[in-house]
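Enquirer: Take this sequence and fold it.
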Amino acid sequence: MYIENDSRDLGGPGSDNAYSSGIRFSYVTAVNRTPDWAKEIIEWPALIDPHITQAPKNFGISFGQQLYTPNDIREPALITNDRPYAAWLYLGLTAHFKDVYRSHVFELDLGIIGPEALGEPVQNGYHKIIAKYRAEGWKNQIGTEPTIQLFYQQRQKLFEMYSSEYNKYFDVIPYYGAGLGNVAIDAHVGGMMRAGIHLPDDFGPKKASSTEGDTFIESKQVARSSLYAFIGGRGIGVAKNIFLDGNTFKSSHRVHKNSFVIETEFGFAGEWNDWNAAWRFVTRSPEFQERKDYNSFASISLTHLY
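Expert: Below you'll find the predicted structure:
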């Protein structure tokens, strides 16, 4: 489970704008335990590299929603110099391949943007529960549009440090990837550094708003624990972002996006027996020309092995 929000309740800045909320629920099979009905799905990356599918693999299925709003959600009229209201609801299929030194993640997301993505009832329903003012401008949101989106990311283990007491206690993980579809056309490159005790043998924690898929799942293990801090960043080249550009095939409110965005993060993570949790604080540079605001949010992930 992944929850992302700018609410102070999650450790965010409390701004309630831009990328306002994200949630994702995933089910990921253990290594090489792909269900029969999904075996053909997880083999299609062999069209790109026949050797990829020979590595240990996970298959995953996820359900997620993302919400985007302008700064002043109490204004019912269209705010022409701020980003559109937008909601995205999607079903994701992931194929994750991992060897000793690198991982490959492919994700196909099928969904919908517009009122059918339930942005208004979800946001205002939550605001009612916490006794906060309503978002009044959802009538101005991006119109209905079916979506198909493909993401890819590769991560590598560049550098690792070990000790007899703490096992692996430091590592550096560079990565790069891209997205292609009517939601986004972009590419990114970045990296993460981790330091702690008994770092897990993986490629770092993931977050719902990224193009990273889910954490690789090994077979169930017992009596394992780790605790670490991490920092990271990435540069993102953006050719299309439907949440800023508006609808693909019809007229809708839009702003002038920036073609390059920088994202930074820091956080803490740990695992104990069959549970894994991570918290991070993410900040993005201005995404469009009409406003020069930096957007920050908190991201929490929780994984249980069974």
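
Enquirer: The helix or strand hosting Phe97: which residues count as buried?
Expert: Per DSSP states H and E: Phe97 is located in strand 86-98. Neighbour counts over strand 86-98 (16 or more other Cβ atoms under 10 Å) mark Ala86, Ala87, Trp88, Leu89, Tyr90, Gly92, Leu93, Thr94, Ala95, His96, Phe97, Lys98 as buried. For the C-beta atoms, the positions are set from N, CA and C on the backbone; glycine is no exception.

Enquirer: Stretch 96-105 now?
Expert: His96, Phe97, Lys98, Arg102, Ser103, His104, Val105.

Enquirer: got it, and stretch 105-124?
Expert: Those would be 105-109, 111-115, 117, 119-120, 122-124, for stretch 105-124 by 16+ other Cβ under 10 Å.

Enquirer: What helices and strands are in contact with the least confident helix or strand in the chain by mean pLDDT?
Expert: Scoring the helices and strands of the chain by mean pLDDT, DSSP states H and E places helix 39-43 at the bottom, with a mean of 86. Contacting helix 39-43 under the criterion 3 or more Cβ pairs under 8 Å, 6 or more residues apart in numbering; DSSP states H and E are the following elements: strand 57-69, strand 86-98.

Enquirer: what about the helices in the stretch 1-150 of the chain?
Expert: 39-43, 119-129 (DSSP state H, counting those that start in this stretch).

Enquirer: who wins for proximity to Ile3 among those?
Expert: With Cβ to Cβ as the criterion, Ile3 lies closest to helix 119-129 of those, at 11.4 Å.

Enquirer: From the rest of the structure, what touches the closest one?
Expert: 20-21, 65, 67, 69, 85-87, 133-135, 138, 141 (Cβ atoms under 8 Å, 6 or more residues apart in numbering).

Enquirer: for this protein, longest strand please?
Expert: strand 225-241 (DSSP state E).

Enquirer: right, and the helix or strand after it?
Expert: Following strand 225-241 toward the C-terminus (DSSP H and E): helix 242-245.
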